[in-house]
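Q: Can you look at this prediction? I've put the sequence above it.
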Amino acid sequence: MKFKLLLAFSFWMLVMAVSCNKDDISFDAPSQELSFSRDTVFCDTVYHQVRSETYAVKVYNNEDKDILIPRIHLEKGATSLYKINVDGKPGYDFKDVPLRKKDSLYIFVEIAPEAAGPQAIAEDKVLFQSPAGQQQVVLFSVVQDAEFFIKTPTNPNVLTSTTNWTSNKAKIIYGDLTIDQNAVLNIQQGTKVYFHKNSGMKVLSGATLNINGTLANNVTLRGDRNDPAYDTIPKNWNSIKMSAGSTLNMNYTRLFGGSRGLELKQTNATINNSFIHTFQEYGIYSVASTINAKNLVMNNCGESAIGIFKGGNYDLTHCTVANYSDLLHSYNRNGLYASNEWTNESGTKEQGALILNVRNSIVYSDRDNSVSFEQTPGQQFNFTLQNCLIKYSGTSEAGFNFDTNTNVIQSLKNQDPLFVNYFAAKMNMRVKQNSPAIGKGSTTVAVTVPTDIANVSRTSNPTLGAYQYF
């Protein structure tokens, strides 16, 4: 009995001691302004009823005393499109928030808005009120109305007839979207197409994909993570797969940020005035296809900007095929790879003839060779490099001799094209005023593509690549 009384007394004394220690903490009103890790939270583009990623703001108490922040709240209160979490508690209005001296707390911000039109601005403020004065952190987002294409066990996500996509709503794709045999998808100017992680598009045999951007209103196809950090990261989505017998027409399109850009298998493709960049493997992966490309700009692809397998027919005119990447430094990073051979899905090797013409173009990278050709004995491998600027170090890796091969015509090697900026974050693939590419193009070739990707005339003194220097 005495032991039980002693144990109970000891427990009571411990509780009292803890209580007394807790009561000894004294929180005062702030006498100085708080400081923040950022004064504006820009949530970038978000879509109708889709929750954004979570953004964090740190709030710092720089005083030598513990404080109670009298009030932290959203200016628009319960009607706000934003949601906040203050130090682990969700809500929109918080009173007497404690913050120890020289310490900090987190405020987490997200938005899941409803769009009132094709595109709008969502704004609010997190307000901090204290005797030291009112402070604020501004919340800002671009909100787009969106149309969703979601593949589920009961919805195969297939377009079975001619379909027109316009810019009035962003298109968000979850899983694969399939364009059925003989169907047509027209993507009109200014349209934005976003692919969720592990999502892509499949264009079946006989189907047609028309991407109809303009100089003023490009079509954009990319991953659905819109924070600027994702603009320079590959593998955010899968690819656009074009089946045998399908057709692609692409004009003024920006395609970036996936595992592969275009996967073409015995496809007829016309690609003009477009920018393809930042893919884990290939920007264009082509098997026995026919491609006619003019004013095409490429960069930042792991294996090769363009990978050609099992031959095919290719005409690349006034193209800038570059490949620079710090992120993908362990990959091959060719500008242009071409082979007569291809290993199919069952592991069997297939071969085909190749005709490749590259004219008035730049093919350059930060590797020793930007071009790599692998000819299969007995297979036709015809190529022409006319009035091009090529990164080339020798025959062993490139597969041909630049200096003696008669298929290399009036071309330059290993002269830095001097791009304005080839880094993914601020990519500008124009050339500087002292570039060796200026004035080196064939005028006969240039008149077949009389304006550059920015609609500048190049019929005289043509610059190599997609951009005319002026």
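A: Right, received. Where do you want to start? Numbering: from 1, shown residues only.
Q: Can you pull out the low-pLDDT segments for the stretch 101-250 of the chain?
A: Where the stretch 101-250 of the chain drops to pLDDT under 70, the residues are 115-119.
Q: pLDDT score assigned to the most centrally placed residue in the chain?
A: Here the mean C-alpha position of the chain is nearest to the C-alpha of residue 257 (CA atoms, centre = their mean), at a distance of 3.4 Å. Listed pLDDT for residue 257 reads 96.
Q: start at 819 instead
A: Understood, numbering begins at 819; the last thing we discussed is residue 1075.
Q: Now the longest strand belonging to the chain: buried residues?
A: Once the chain is assigned using DSSP state E, the strand that runs over the most residues is strand 1100-1119. By neighbour count on 16 or more other CB atoms under 10 Å, the buried set for strand 1100-1119 is 1100-1109, 1111-1119. The way it works is simple: take the backbone N, C-alpha and C, and place the C-beta from them, glycine included.
Q: Kindly report the same for stretch 888-906.
A: Quick answer for stretch 888-906 (16+ other CB under 10 Å): 890, 891, 892, 898, 899, 900, 901, 902, 903, 904.
Q: Could you give the separation of it from the chain centroid?
A: Relative to its chain's centre, stretch 888-906 lies at 32 Å (CA atoms, centre = their mean, to the nearest Å).
Q: residues making contact with it?
A: 847, 908-915, 923-932, 940, 942-949, 954, 957, 959, 961 (CB atoms under 8 Å, 6 or more residues apart in numbering).
Q: cutoff 6 Å now
A: 910-913, 915, 923, 925-929, 931, 940, 942-943, 945-948, 957 (CB atoms under 6 Å, 6 or more residues apart in numbering).
Q: Okay, helices next: where are they in the protein?
A: 820-841, 1213-1216, 1261-1264 (DSSP state H).
Q: Between the ones you listed, which has the poorest mean confidence score?
A: Minimum mean pLDDT among those: helix 820-841, a mean of 47.
Q: related to what we said a few turns ago, hang on, the residue nearest to the centre of the chain packs against residue 1098?
A: No: counting by CB atoms under 6 Å, residue 1075 stays clear of residue 1098, with 9.4 Å between them.
Q: The nearest residue to residue 1156 once chain neighbours are set aside: neighbouring residues, count only.
A: Closest residue to residue 1156 in three dimensions, ignoring its sequence neighbours and counting by CB to CB, 6 or more residues apart in numbering: residue 1126, at 4.0 Å. Using other CB atoms under 10 Å, residue 1126 has 27 other residues around it.
Q: Surely residue 1014 and residue 992 touch.
A: Yes: if you go by CB under 6 Å, residue 1014 and residue 992 touch, sitting 4.6 Å apart.
Q: Need the distance between the two termini of stretch 860-869.
A: 14 Å (CA to CA, to the nearest Å).
Q: and it, which residues are buried?
A: In stretch 860-869, counting by 16+ other CB under 10 Å, buried: 861, 862, 863, 864, 865, 866, 868.
Q: Kindly give the local confidence score, pLDDT, for the fourth one.
A: If I follow you right, that is residue 864. 79.
Q: Give me the nearest residue to residue 1071, chain neighbours excluded.
A: residue 1092 (4.4 Å).
Q: and if you look at residue 1123?
A: residue 1116 is the one closest to residue 1123 (CB to CB, 6+ apart), at 4.0 Å.
Q: if I read this right, that neighbour contacts residue 1139, doesn't it?
A: Yes: in this structure, residue 1116 is within contact of residue 1139 by CB under 6 Å, at 5.0 Å.
Q: Give the intersection of the neighbour lists for these two.
A: residue 1123.
Q: Could you identify the buried members of the contacts of stretch 888-906?
A: 910, 912, 915, 923, 925-929, 931, 940, 942-943, 946-948, 957.
Q: Which members of those residues are positioned in strands?
A: Using DSSP E, the buried ones among the contacts of stretch 888-906 in strands are 912, 915, 923, 925-929, 940, 942-943, 946-947, 957.
Q: Run a quick neighbour tally on the nearest residue to residue 1198 once chain neighbours are set aside.
A: Closest residue in space to residue 1198, ignoring its immediate chain neighbours: residue 1171 at 3.7 Å, by CB to CB, 6+ apart. Counted with other CB under 10 Å, the neighbours of residue 1171 add up to 15.
Q: try residue 981
A: Residues near residue 981, counting by other CB under 10 Å: 12.
Q: Next one: it from residue 1204, what distance?
A: Counting by CB to CB, to the nearest Å, the gap from residue 981 to residue 1204 is 40 Å.
Q: Equivalent analysis for residue 1139, please.
A: 15 Å.
Q: Could you pull up phi and psi at the closest residue to residue 1185 other than its chain neighbours?
A: Once flanking residues are discounted, residue 1185 sits nearest to residue 1151: 5.3 Å by CB to CB, 6+ apart. When quoted as degrees, to the nearest 10, the phi and psi of residue 1151 stand at phi 50, psi 50.
Q: quick one, what contacts residue 1151?
A: Per CB under 6 Å, 6+ apart, neighbours of residue 1151: 1141, 1183, 1185.
Q: out of those residues, which are inside strands?
A: Going by DSSP E, the strands hold 1141, 1183 from the contacts of residue 1151.
Q: so which of the contacts of residue 1151 comes closest to residue 1247?
A: residue 1141 (11.4 Å; CB to CB).
Q: ok, that closest one to residue 1148 distance?
A: From residue 1141 to residue 1148 the distance is 14 Å (CB to CB).
Q: ok, back up a step: for the buried residues of stretch 860-869, name the two members farthest from one another.
A: Farthest pair in those, by CB to CB: 862 and 866, 15.0 Å.
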